[in-house]
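K.L.:
For reference, the sequence and a predicted model appear below.
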Amino acid sequence: MPLRLKTLVLLGLCLSLMACGFHLRGQGPAAQLNFKTIQVSGGGSAAQELRKAIIVQDNVKLVTSDAQVAVNIVNESSDKQILSVNNKGQVVQYRVYYRVRFTATLDKQPLIEDGNISLSRTLQWDENDILANESEEGKLITEMQRDSSQQLIRRINAAAKGVNKASAASAASAASATSAATSAATSAASAIKPTQP
């Protein structure tokens with residue numbers, strides 16, 4: 001296939017994806033957050049990756065105090081377990097686990113009191129190349145840290161959306177009740193006619 005034709009085909013595919021509303025995960029109108037400011041406390045890679053993920057968001061600002069949403073990374077951990085061995089009894093695969101615990105508040109009220117995110121990946125293991133194994137394990141953990149930060153943002157956003165909907169419904173219900181009470185009072189007042197002397 002000539003180079004020019006390949007270029008045209010690729011261009012056509014890109015335009016088709018754009019036209020159908022395709023977005024990468026975590027982007028696009030559906031990814032709009034239900035809060036404007038966020039604070040992240042806690043150390044470690046989980047907090048660092050979360051801050052990085054927030055910075056690239058268009059409609060939310062990372063602050064150090066007085067945030068609408070405050071997230072605290074309680075702890076993070078990683079470990080691995082043997083997944084399979086070969087006929088010589090040597091490990092050929094590990095299952096690598098990464099876990100994050102966090103809490104979150106919205107307007108200083110509890111939003112998520114004991115949040116947990118747990119991810120895992122399969123690590124191919126070669127007993128003859130320990131350095132490569134360790135490098136690959138590090139890459140998998142970094143990848144899971146990034147994934148966990150995106151999951152955490154989506155979970156907090158969903159919880160905040162639920163609270164906002166509940167608040168809006170409560171306000172609408174209160175307004176409706178007030179309107180009904182006012183209407184009933186007006187009707188009652190209209191029904192009472194002054195007594196003629």
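P.N.:
Looks like it arrived, so ask away.
K.L.:
any residues touching stretch 93-103, and which ones?
P.N.:
Identification of contacts with stretch 93-103 by Cβ atoms under 8 Å, 6 or more residues apart in numbering yields 42, 46, 71-84, 110, 112-125, 137, 140-141, 144-145, 148, 152. (Glycine included, C-beta is placed from N, CA and C.)
K.L.:
Next: stretch 106-119.
P.N.:
The contact list for stretch 106-119 (Cβ under 8 Å, 6+ apart) reads 35, 68-70, 97-105, 144, 147-148, 151-152, 155-156, 159-160, 163.
K.L.:
Please export the C-alpha coordinates of it as CSV.
P.N.:
What follows is stretch 106-119, C-alpha atoms only, in CSV (Å, rounded to 0.1, in the frame of the first residue of the first chain):
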residue,chain,number,x,y,z
LEU,A,106,-16.9,17.0,51.0
ASP,A,107,-17.4,20.5,52.5
LYS,A,108,-15.8,19.1,55.7
GLN,A,109,-18.5,16.4,55.9
PRO,A,110,-17.6,12.6,55.5
LEU,A,111,-17.9,11.5,51.9
ILE,A,112,-15.9,8.2,51.9
GLU,A,113,-14.9,7.1,55.3
ASP,A,114,-12.9,3.9,54.5
GLY,A,115,-12.1,3.7,50.8
ASN,A,116,-10.1,0.8,49.4
ILE,A,117,-8.7,0.3,45.9
SER,A,118,-7.0,-3.0,45.1
LEU,A,119,-5.3,-3.8,41.8
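K.L.:
Backbone torsions only: list them for Asp58.
P.N.:
When read as degrees, to the nearest 10, the backbone of Asp58 gives phi -80, psi -40.
K.L.:
what's the burial count for it?
P.N.:
8 (other Cβ atoms under 10 Å).
K.L.:
Which pLDDT does the model give it?
P.N.:
Looking at Asp58, its pLDDT is 84.
K.L.:
How much space separates it from Ala104?
P.N.:
Separation of Asp58 from Ala104 (Cβ to Cβ, to the nearest Å): 21 Å.
K.L.:
related to what we said a few turns ago, which of the contacts of stretch 93-103 count as buried?
P.N.:
Among the contacts of stretch 93-103, those buried by neighbour count (16 or more other Cβ atoms under 10 Å) are 42, 46, 71, 73, 76, 78, 80, 83, 112, 115, 117, 119-121, 123, 125, 137, 140-141, 144-145, 148, 152.
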